[in-house]
Structures are given as structure tokens and as C-alpha cells.
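> quick one, fold the following:
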Amino acid sequence: MTSTEGLTESEFEDSHKIWTSDSNKIMFIVLSRLDYEQSQDQLFSMIGDVNMVISQDETPDSAVAEVMLMIGDARFRGKGLGRQMLLVLMRYAEEEFFIRKFEAHISLENHSSIALFTSLGFTTVSTDETFGEHLLQLQLDEPALQALVTQSDNVSYSMDRASFHPVA
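The predicted structure follows:
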């Protein structure tokens, strides 16, 4: 929920091309399993997306993943799916890329997103009034990593190429 701007299908396809051509950018399109099983229509079944951009300085432990979340379909907001999406993304980042530091830029007015991220352990490290956003960070120490593993173990999903489908 870091952004809620809707995209046309063409804009979405252009954005997807950019994200899939850069190995430091990872995008998961999230579908409602129930909607997809009934309709076989990915666009109708789309809940939103969860993304990360990986950056790294010269040291191996310096990798940071900026995480982004968007639930575009209002039917799926307020049901805990954003939390599930972030948990799975962060666990994937830790297991596949050994990332222990996460960041999120969130609009000052997006109170539900700020609440979601802080409930996962993110803290506000700066506020940029010019861009109207907070920078939140989470550093996974061992207790935070164990909490992430425990919480994400409770999320049911399946991977299908570049998408996972939380139980909705």
C-alpha cells in the first residue's frame, strides 16, 4: 500500500517489462486464487503487486531491499493480505539474496500502510516533507528473523513464474 495509483493495462505491461529486465528488481503479481480458479482471468483476479529493488555497496553485508506494496483492488484491502505479501517477499529476499535490511518509502498520508509496516517492525528513520514521505527501515537481527520465519510459515501461497497467490 505504498502506492494506490491505478495503471491501465498498457501502462502495467510497460512497467512489467522494466521490472523484468533488471535483475535487481523483483516483482510478484499477486492473484486471488479463488477468483482465478473461477474465472481463469488474471487481470480480474489481480489483488496487486509486491516488489523489491535490491541495492548493494561494496561489502557483502550491505545489501538493502526497498520494498513496495500495492493492493489495487479495494475488495482485498483491510483483510491482512498486504501483511502476507510483505512477509513472503521479505522471507524470499532473506533466503535467496541473504538480505537483512529493508526499506520502504511511504506517503505521509498513507496511515494504513505506515501501520502495516510498523507492525512488522519497521521504524521511521526520516521524513521528507518535500516528497511527502517517510523512510521506514527494518534490520533483521536473529530475533526479528525468527519472527519473520514464524509469521511467514503461516502464509499459504503458490509460485507460478512471477506471481504468488495468497489464500484470500
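> now the residue nearest to Ile99 when sequence neighbours are not counted: how far from Ala65?
Counting by Cβ to Cβ, 6 or more residues apart in numbering, Ile99 lies nearest to Ala93, which is 4.2 Å off, once chain neighbours are set aside. The C-beta positions use only the backbone N, C-alpha and C, and glycine is treated the same way. Counting by Cβ to Cβ, to the nearest Å, the gap from Ala93 to Ala65 is 5 Å.
> okay, and the common contacts of those two?
Common contacts of Ala93 and Ala65 (Cβ atoms under 8 Å, 6 or more residues apart in numbering): Met52, Ile54, Ile99, Phe102.
> show me which of the residues you listed is closest to His111.
Phe102 (19.9 Å; Cβ to Cβ).
> partner residues bridging the closest one?
Beta-bridge partners for Phe102, by DSSP bridges, are Ala65, Leu138.
> wait, what's in contact with it?
Residues in contact with Phe102, defined by Cβ under 8 Å, 6+ apart, are Val64, Ala65, Glu66, Val67, Met90, Ala93, Phe122, Gln137, Leu138, Leu140.
> rerun at 6 Å
Phe102 is in contact with Ala65, Val67, Leu138, counting by Cβ atoms under 6 Å, 6 or more residues apart in numbering.
> repeat that for Thr124.
Contact analysis of Thr124 by Cβ under 6 Å, 6+ apart lists His134, Leu136.
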